[in-house]
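**Q** Please work out how this folds:
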Amino acid sequence: MTGVSSPQAGTPRKPARPRKGKGEGQWALGYREPLNKNEENKKNDDGLNVRARIENIYAHRGFDSIDPADLRGRFRWWGLYTQRKPGIDGGKTATLEPEELDDKYFMLRVRIEGGQLSTEQLRVIAEISTTYARDTADITDRQNIQLHWIRVEDIPAIWNKLEAVGLYTTEACGDVPRVIISSPVAGIAADEIIDPTPAIDDIVEKYIGTAEFSNLPRKFKTAMTGHPSHDVVPEVNDIAFVGVVHPEHGPGFDVWVGGGLSTNPMLAQRLGAWVPLDEVHEAWWGICSIYRDYGYRRLRTRARIKFLVADWGIEKFREVLEEKYLKRKLIDGPAPEIPAVQGDHVGVHKQKDGKYFVGVAPVVGRVSGEKLAKVADVVAAHGSDRIRTTAQQKLIVLDVEESKVESLVTELAALGFQARPSAWRRNTMACTGIEFCKLAIVETKARAAALIDELEERIPDLDVPITVNVNGCPNSCARIQVADIGLKGQLVLDANGNQVPGYQVHLGGGLGLDAGFGRKVRGHKVTSDELTDYVERVTQNYLKERNEGERFAQWATRADQEALT
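**A** Okay, the predicted model is just below:
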């Protein structure tokens, strides 16, 4: 054997040393050294500490003075992302360096727990929009409001205005517990099982903005609802508390863990435990602590809690929660009844106190400061002081007297907020897209708005909800995998072989009874120009072929390939 040395005859070969597996960066297993740049930045300085530098240094010296580790990392802990420099096409999204994509302006995310706003708070957001953000404002599908064109010089003044009325941007982004989304009709819906608001207040007071959870492996998304329509998409959150009545203990919450979308979508799993209202914050603390201590920190692509739940299994996860964190057993509980279609509360509905709430739909969450100020004025003039944002990019006005409902509906519709929208307007969502987002590949907001207008003309009397979710990249901020028609932005080839903006199609995703991810139609893609024709075609095929009572997601699962392309 040329070139290979062999052991001497009679010399025993030493047994091979077992190879140590590569750690996942789990703190609880002793892996405390940072395994990537993000973890190193977090170890070097807590993201919460950057506020002092913004107020004392960067706001005075300007954008060019910002440390890159703060700019593209720690700023997020205070709700700030650099927005995309105008004029950079989608083909360059993945090829340019971050500093080439960065504009010298920021997106600012106002954190709104449970979507709860007063008219005064809405007016302050509107004022900030018109004064500092070029009149921009987007209602997100996590109940926040996002502003654009923010200068670092103006951030301290903006914080002062927000905090004066009880709003904030603390941990609105970053590797932290993000905003807690909640039923927008918590405490007022006639058919509510239980109001989660006290639990949200407990968590916010005890844990948000503290060092205990300011360094998680990645973001941690919480949803709570006591409404039977499951109006906060609980299946796709890291943790969800879903209202249910225990046969012995009464109303409380079923606990779900490990949901999430993006490029590796997973549905949350039931923990099998029932938790009373006054213990929700303890269960949340335990689960968030497990994520902090055992979550994977080596690869950002595996740093969400869903991967830990998938690897451990739900039984082990509950065991660790009970034995190592809560130090007690949880009560076994029943599963909640699953709704056929999850609620969005658009329309006019009676409250349990005899008044009404009115849910209205702007177009894909795109509003403006000027419009929000007028909404606040209209709402106040009709005797209400409470407004809610929703997980479907909508607004809800609470506490309206019956005699004032129709007047309110009319005046809000004149501002572009419709209480009786078309099925297309009601059920279409879109993420920020290439206009401002550095991750996006295609335009979304304007394209989705045009799609709604065109479909309202072509199929004006659609008699069933068909959700259309438009996303500018694979990250699924607009929840494309769980839409009837999910559109993932990418560059595609047109009939002439040219690269143009378009979408990969996912069909038949859903939540509730249809919980599952849409099927990719053999890689079927459509150009942006062809989109309306495609959605019209597949909708007409559904309307022709559906069985009585059959939802779009059910039909899409069984339909022939030809009907879906």
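**Q** and Trp284, what does it touch?
**A** Residues near Trp284 by Cβ atoms under 8 Å, 6 or more residues apart in numbering: Ala199, Ile203, Thr222, Ile239, Phe241. Quick note: C-beta positions are derived from backbone N, CA and C, even for glycine.
**Q** From those residues, which land in helices?
**A** Per DSSP state H, helices hold the following members of these: Ala199, Ile203.
**Q** Relative to Leu451, which of the contacts of Trp284 is nearest.
**A** The shortest approach to Leu451 among the contacts of Trp284 belongs to Thr222, at 31.4 Å (Cβ to Cβ).
**Q** Next, the contact list for that closest one, please.
**A** Counting by Cβ under 8 Å, 6+ apart, Thr222 has contacts Pro177, Arg178, Ile180, Ile181, Ile203, Asn237, Asp238, Ile239, Ala240, Phe241, Trp284.
**Q** tell me the SS of Arg142?
**A** Put simply, Arg142 is coil when judged by DSSP: H, G, I helix; E, B strand; the rest coil.
**Q** How many residues are close by it?
**A** Applying other Cβ atoms under 10 Å, we find 25 residues neighbouring Arg142.
**Q** Against Ala391, how distant is it?
**A** Counting by Cβ to Cβ, to the nearest Å, the separation of Arg142 from Ala391 is 7 Å.
**Q** swap in Leu462?
**A** 22 Å.
**Q** which one of the two has more residues nearby?
**A** Ala391 (26 against 17).
**Q** Could I get the phi/psi values of Val468?
**A** phi -120, psi 110 (degrees, to the nearest 10).
**Q** hang on, isn't it packed against Ile480?
**A** No. Using Cβ atoms under 8 Å, Val468 is not in contact with Ile480, being 9.6 Å away.
**Q** Looking at these two now, which is surrounded by more residues?
**A** Shown here are Val468 and Ile480; by other Cβ under 10 Å, Ile480 has more neighbours (30 against 25).
**Q** Could you report the neighbour count for the closest residue to that one other than its chain neighbours?
**A** Nearest residue to Ile480, sequence neighbours excluded (Cβ to Cβ, 6 or more residues apart in numbering): Gly486, at 3.2 Å. As a burial measure, Gly486 scores 28 neighbours (other Cβ under 10 Å).
**Q** so is Gly486 in a helix, a strand, or just coil?
**A** strand.
**Q** Also the one 3 residues further on?
**A** Three-state secondary structure (criterion: three-state DSSP) places Gly489 in strand.
**Q** Spit out the contact partners of the closest residue in space to it that isn't next to it in sequence.
**A** Distances taken as Cβ to Cβ, 6+ apart put Val442 closest to Gly489, at 3.6 Å, once the chain neighbours are dropped. The contact partners of Val442, taken as Cβ under 8 Å, 6+ apart, are Gly90, Gly433, Ile434, Gly472, Gly489, Gln490, Leu491, Pro501, Gly502, Tyr503, Ser528.
**Q** Can you give me the separation between the most centrally placed residue in the chain and Arg479?
**A** Taking Cα atoms, centre = their mean, the centroid of the chain lies closest to Arg142, which sits 4.7 Å from it. According to Cβ to Cβ, Arg142 and Arg479 sit 10 Å apart.
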